[in-house]
Every structure is written in C-alpha cells, then in structure tokens.
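**Q** Show me how the following folds:
(chains A and B)
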Amino acid sequence: MTRTLGWLALAGLVAGLVMAFGIAPRELTQGNVQRIMYIHVPAVWVAYLGFLVACGASIAYLFTRRTDADQLAHAVVEVGLVFLGLNIASGSIWGKPTWGTWWTWDARITSVSIVFLIYLGYLLLRQAVDDRERAARYAAVVAIIAAPNIFLVHQSVNWWRTLHQPASLLKAGGATMPVILWVGIVVNFIGFGLLAAYFVARRAALLHREAQAAG
Amino acid sequence: MNRRTKFIAGGAVIVAVLAYMIYAGVTQSAVYFVTPAELRATAVPGKAYRLGGMVVPGSLKWEARALDLSFTLSDGTATVPVRHKGTPPDLFAEGRGAVVEGSWTADGYFKAGLIMAKHSEEYKAPHDGTQAGYQELIKTLRGDGR
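**A** Below you'll find the model as predicted:
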C-alpha cells in the first residue's frame, strides 16, 4: 500500500515537472521566473492541508486517546513543515528577481513565518516533555490552536497592504491566470500531495514502531 | 462542569486570545507602506518610510552611467517624486506598482535606498494558445532569451 503510494507520488512529480517545464508557456511579464510558482503554491497548499489534518487528528486524539491519531498528527506536522519551508525558500528565491529583495516583513511573509515557528514549537514541545502521554496531549492542544492561523496567512494579502500579490487561484471571482497555468499548479499539487502522503505513511509507521519498542 | 468541558472552554479562550493578539499585532504593524497621499499629509524630513504606489507613466528617468533613477509615485490623489541610486528590479516599470524604502527629504523628494516592484496577481500566457514553454526554456539556457 505504502509502496504503491510512493510510485504514484513519483508519477505525479514527473507529470508536474512536464507541466511546469514542458507544457506551461513562459509567463508574459515575469518570464521563466514565474515557473517557481509550480513549486511555491503547491508546497504551501500541501502544508496547509497537512496542518488541517494534524488539527483533525489532534481533536480525535483528545477525544479517543488513540495513539495512532497522535502519531498521524506528529508525522503530518513534520512533513507539513518541510513543505512550508520549501514554500518560504522558493518564495524568497522568486522574490529577488521579481520584487528586488529576498525578504521583507510584509503581513504575508511575517504571518507565514509565525506559523512556521508555531509548528516548529510543536515539535520542540514534543521533545521537551518526557512522558509520552502528556507530550501527546500538550502537542494536540498546540496543533488545534495553530490551525486557524492558516486562514490568517491566506487572508493576510486581502486584509493588509502587502508587497506580496493577492491570491490568484483560491479567491472569489475565479482565477486570474490562463487555464494552462493553473492546471500546472493543480498537477503539481497532486504530485506533492502524493509525496507528502507517502512521507506521512512512512513516518507514522516509524513512530508506531518506536512507541511499541518503548512501551 | 466536568474536566473535559473545562478543558474545551479554557482552550477556546486561549485560541480567541491568541488569535486576537496576532490580529492586533499584525494590524498595528500592518501599514507595510504608506501611500503618497498619506506621506504628503504626515511627512517628517529624515524619517524612514516605506512608500507604495504606481509609477506614473512618463515620469521615469534613468541615467545608466550615473545609476541615477528618478520617477514619480502616485496613488491617484497625490504624487511623490522619488530618487534612487542603483538599478531597479526587472519588473519595475512605468504604469506598474512599486514599493520604495527610504526617507523624505527637506528638498521635497523621497530618497529611496531600496526599490521593490509590486507584482499583480495576474498571469498571462505570451500568446494565447501557444505552447512555447520547452523551446523558450532551451533558448534561455543558451542565453538568447530573457
């Protein structure tokens, strides 16, 4: 099952690369730099989705105290952080040629950095508490509290003046880009999503074995 | 109230407070840039500002030798002349948005140390229907393209 997921992820990533570099045209204003968007946007969607899953799994854990729910939340936060890091790094690389700066403290970049640190704190908290059951309980609360911030990050470009442009796809009134561009983003999102699911499955299985060995 | 209800109620309070703190904090520092009209109303010479607006078409002057760049930023109601020493980013152009960091001078212009191009959320294919991606990329790798 997990192995199949891995092969599907590979197929999805190859399809995404073909879309990003072979089929999608060069964007008119930005040129080829725009192709970074095929990493930047899917990566953050996968991270958002992961943090929402972590929130749901944490709620399930608090109600049922099933350790597999906690292990899923733990795994999904770790993987989500990797993809959020990819989003921030790719955004910075895009920002230099496009905006003229690697980094600036506008509301979008500030809020996404806060969310990154909150989930980093989640992992630190897990390490800091020795008792497994208590660590799981505390971590679950953090995962639930942190999740609404995702909405804040998404809305930051609408609520405040930012250097970052407003949303092009997840917005009312339809996408502000040609179909071929957003199809490229969606194909990459599927590829990234499969890859993330594969990572989560592997990581959760490992956490399960660790817990069994420890206790 | 049993323990679980207390826990949920306490959690809800923490969530609300945290959300409010983040919202209030970001809102306070959320004036990422001021508009030309706001700058005109409150400008203090020597104070650092971030100024955002549209580059007025026809106002852009560029002395490549001296790296002297001057242009006017507008928000539709007020305009501010900006001067900068250096090269602007690729996307900086007349009729597009820009955010500049610098200070207001007593001589009546904005001295910018950093120029940032503001990108719109719109993306366009070069010619609708053409699929030039692959060939264009090869061209760019060879150094013929942009």
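**Q** hang on, isn't residue A:198 packed against residue A:4?
**A** No. Judged on Cβ atoms under 8 Å, residue A:198 makes no contact with residue A:4 at a distance of 9.4 Å. The way it works is simple: take the backbone N, C-alpha and C, and place the C-beta from them, glycine included.
**Q** Out of those two, name the residue with the larger neighbour count.
**A** A count of neighbours by other Cβ atoms under 10 Å in any protein chain shown puts residue A:198 above the other of residue A:198 and residue A:4, at 21 against 9.
**Q** Just the pLDDT at that one, thanks.
**A** In this prediction, residue A:198 carries a pLDDT score of 97.
**Q** Equivalent analysis for residue B:139, please.
**A** 61.
**Q** Not counting sequence-adjacent ones, nearest residue to residue A:158?
**A** Excluding its sequence neighbours, the residue lying closest to residue A:158 (Cβ to Cβ, 6 or more residues apart in numbering or on different chains) is residue A:166, at 6.1 Å.
**Q** Might one say that that neighbour is in contact with residue B:118?
**A** No. Counting by Cβ under 8 Å, residue A:166 stays clear of residue B:118, with 10.8 Å between them.
**Q** neighbour count winner among those two?
**A** A direct count of neighbours by other Cβ under 10 Å for residue A:166 and residue B:118 places residue B:118 higher, at 22 against 15.
**Q** Now for the residue nearest to the more buried one when sequence neighbours are not counted: which residues touch it?
**A** Leaving aside its chain neighbours, residue B:118 sits nearest to residue B:97 (3.4 Å; criterion: Cβ to Cβ, 6+ apart). The contact partners of residue B:97, by Cβ atoms under 8 Å, 6 or more residues apart in numbering or on different chains, come to B:52-55, B:117-120.
**Q** tell me which of the residues you listed is nearest to residue A:182?
**A** residue B:120 (15.9 Å; Cβ to Cβ).
**Q** Distance-wise, check that closest one relative to residue A:29.
**A** 8 Å (Cβ to Cβ, to the nearest Å).
**Q** Specify which residue of the two has the higher count of neighbours.
**A** residue A:29 (17 against 13).
**Q** Please report phi then psi for that one.
**A** phi -80, psi -50 (degrees, to the nearest 10).
**Q** For it, which residues are in contact?
**A** Residue A:29 sits next to B:91, B:119, B:123-124 when contact means Cβ under 8 Å, 6+ apart.
**Q** Need these in TSV (columns: distance to residue A:12 and secondary structure).
**A** As requested, the contacts of residue A:29 are arranged in TSV below (distance: Cβ to Cβ, whole Å; DSSP: H, G, I helix; E, B strand; the rest coil):
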residue	distance to residue A:12	secondary structure
B:91	31	coil
B:119	28	coil
B:123	23	coil
B:124	27	coil
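**Q** Now restrict the residues you listed to buried residues only.
**A** Neighbour counting with 16 or more other Cβ atoms under 10 Å in any protein chain shown marks B:91, B:119, B:123-124 as buried within the contacts of residue A:29.
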